[in-house]
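*Asks:* Any chance you can model this:
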Amino acid sequence: MSIRIVQLGSARHPDEGLRIGTVRRPPRGVPKAEFARQNWYDVWYPNLAPSAETMKLGQAAQASQAPADWTAFVRRYKAEMAEAEPGRSLDLLAALSHHTALSVGCYCEDESRCHRSLLRGLLAERGADISG
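*Replies:* Have a look, this model is predicted:
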């Protein structure tokens, strides 16, 4: 059992388990009944998504490709995830990764410039069993 970090909307890995969307907004133009069938996610969990303000920083960092912009986004997002509620969510997912297959993800094409790359690190720091 483990947790995978995925791009939402991509084909599912056979062993990926429950897909959790850690995004601020549901996919546009997709009926809620189609989210799972179209490989977006099974459960929407925006609690681990960047806040709207932080998401704007991340989008600017993706557009500019400037290291300083990405650093500002990383600092802000990690500060958000260090708060009590997101921290408990990360602890829960890390613990579950040892007992069941699950995945978390975001829409971004490039994981290296996406909050899911940071989620990967934060989950690893909490002892999650991460695959892929």
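
*Asks:* Going by C-alpha atoms from here, please, whenever you check contacts or count neighbours.
*Replies:* Noted.

*Asks:* give the contact list for the nearest residue in space to residue 4 that is not next to it in sequence.
*Replies:* Nearest non-adjacent residue to residue 4, counting by CA to CA, 6 or more residues apart in numbering: residue 103, 4.4 Å away. For residue 103, the contact set (CA atoms under 8 Å, 6 or more residues apart in numbering) comprises 3, 4, 5, 6, 16, 17, 18, 19, 20.

*Asks:* Sort out for me which of those are in helices.
*Replies:* If you go by DSSP state H, those have nothing in helices.

*Asks:* Please identify the one among the residues you listed that lies nearest to residue 74.
*Replies:* residue 5 (17.4 Å; CA to CA).

*Asks:* hang on, isn't residue 102 packed against residue 6?
*Replies:* No. Between residue 102 and residue 6 there is no contact, the gap being 10.2 Å when judged by CA atoms under 8 Å.

*Asks:* Quick check: buried residues in the longest helix seen in the chain?
*Replies:* Using DSSP H, we find that the single longest helix of the chain is helix 67-81. For helix 67-81, burial by neighbour count (16 or more other CA atoms under 10 Å) applies to 69, 70, 73, 74, 76, 77, 80, 81.

*Asks:* mind listing the strands for the protein?
*Replies:* 3-7, 18-21, 43-44, 102-106, 130-131 (DSSP state E).

*Asks:* residue ranges with poor pLDDT in the chain?
*Replies:* Low-confidence segments of the chain, defined by pLDDT under 70, are absent.

*Asks:* Going along the chain, name the helices of it.
*Replies:* 52-64, 67-81, 84-96, 115-125.

*Asks:* Please identify the deepest-packed of those.
*Replies:* Comparing these by mean neighbour count (mean count of other CA atoms under 10 Å), helix 115-125 ranks first with a mean of 18.
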